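1. no sequence on this one, just coordinates:
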DNA sequence: AGCACA
């Protein structure tokens, strides 16, 4: 009957222009709250991600009548409010206004604090983390650690804007499943801003990387027993690591030049040498980095990805057995970028036997009858290390390919970040 | 699914 028909009307609350929402999806965004609430009035303030589970929120209307309208509506509506498919429970807050205490994690900065939920530290390698976050810009440094909150990583970008983009795109989502070990079904990323601005990375190790300083000493002991599980989630690849990568280019519908490869592989560190050759009817290339760590990073990041959208020029990367390529000639198929200023003659390569044909059979192990560097065109082959990292001047810029292969959110791989 | 922060 009247008065809701129940003798006990326990849910009577004093109205407030602030409503309390609970059972929200994890890390619900402010705009989702506004979208839900604005039909009832003007939202003047919100506070999201409240409570231990971050699944509560407050919304403050301009007028109390607006809050009453919303609470009343959903109190009698047959279908409840929902956000992202979850039923949202709404009531008046027991406070009359939202007081904004911005938690430190909400203050934007260039360093993100990422909590990877539901995984052991060994489940997600630093290469995977680097790959995922590199989709948004150059990642300067990564430090990982285990805390009570779980497996966490600090990711340093150039600026807060880049970090913000990455945060917005990845917060609450999972690392693509194909990058996770089989036994991990999902691993939600919880991302906030760190107060740090510049991480102090002392070693390249299985738990920390400085991509701006490839010459940082490698803490090799830190790698032992833990590096190769990075690939060894399946434990199948037993191929020894190397600073030289062998890249097979499949479905090469577009021309891939040594310059293309240099651009692509330079994203991960200074490329010292490149040699391209034909083998088994396909194009392959050897890419030499100064160290195994950089090569590993590049390998993890690029394996299986395509240089061009649409599945063209797919890279299959393994470790080469070589450690130092013996580049004899500066040609369209081989380069030695470590040579400071090879007196580049203006003549063409005409007098020099085709390096590429020699490469495919002898590679670096063989001795070359003709020594010395071949003549070259006007291109300056000396890529001084200072041209790296490509943070300011993206290596991928000039070729239109925007090389963040399959991981650009919303471009070529929306499904990867589902959920 | 039930109220924030220093």
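-> Here it is on my side, so go on. Keep in mind the model is a prediction, meaning the values are calculated, not measured. Numbering: from 1, shown residues only, chains lettered A, B, ... in the order given.

2. only C-alpha atoms for contact and neighbour calcs from this point on.
-> Fine.

3. so where's chain A uncertain?
-> Applying pLDDT under 70 to chain A picks out residues A:1-11, A:220-238, A:341-419.

4. Next, give phi and psi for residue A:196.
-> Main-chain dihedrals, residue A:196, degrees, to the nearest 10: phi -70, psi 150.

5. can you pull the contacts of it?
-> A:109-111 (C-alpha atoms under 8 Å, 6 or more residues apart in numbering).

6. Can you tell me which of these is nearest DNA strand B?
-> When these are compared for distance to DNA strand B (C-alpha to the nearest atom of the strand), residue A:109 comes out closest, at 17.5 Å.

7. Helices along chain A, start to end?
-> Listed from the start of the chain, chain A has helices (DSSP state H) covering A:30-37, A:64-76, A:126-134, A:160-170, A:220-223, A:258-265, A:292-302, A:355-362.

8. contacts for the fourth one?
-> The set of residues external to helix A:160-170 that reach it, using C-alpha under 8 Å, 6+ apart, is A:108-112, A:133, A:136-137, A:156-157, A:189, A:191-192, A:409.

9. If I take it and helix A:126-134, what angle do their directions form?
-> 110 degrees (axes from the mean of the first three to the mean of the last three C-alpha atoms, to 10 degrees).

10. List the buried residues of helix A:160-170.
-> When burial is assessed from 16 or more other C-alpha atoms under 10 Å, helix A:160-170 yields the following buried residues: A:160, A:162-164, A:166-167, A:169-170.

11. how about TSV for these, with distance to residue A:215 added?
-> Below are the buried residues of helix A:160-170 laid out as TSV (distance: C-alpha to C-alpha, whole Å):
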residue	distance to residue A:215
A:160	26
A:162	25
A:163	25
A:164	29
A:166	27
A:167	29
A:169	32
A:170	30
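
12. Which among the helices of chain A is found nearest to DNA strand B?
-> When the helices of chain A are ranked by distance to DNA strand B, counting by C-alpha to the nearest atom of the strand, first place goes to helix A:64-76 at 10.7 Å.

13. And the closest one, what's buried?
-> A:64, A:66-68, A:70-71, A:74.

14. Need these in TSV (columns: distance to DNA strand B).
-> Formatted as TSV, the buried residues of helix A:64-76 follow (distance: C-alpha to the nearest atom of the strand, whole Å):
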residue	distance to DNA strand B
A:64	14
A:66	16
A:67	13
A:68	13
A:70	14
A:71	11
A:74	12
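
15. what's the neighbour count on the closest residue to residue A:210 other than its chain neighbours?
-> In space, and not counting its chain neighbours, residue A:210 is closest to residue A:141: 4.4 Å by C-alpha to C-alpha, 6 or more residues apart in numbering. A total of 23 residues lie near residue A:141 under the criterion other C-alpha atoms under 10 Å.

16. Surely residue A:141 touches residue A:199?
-> Yes - counting by C-alpha atoms under 8 Å, residue A:141 does reach residue A:199; the two are 6.8 Å apart.
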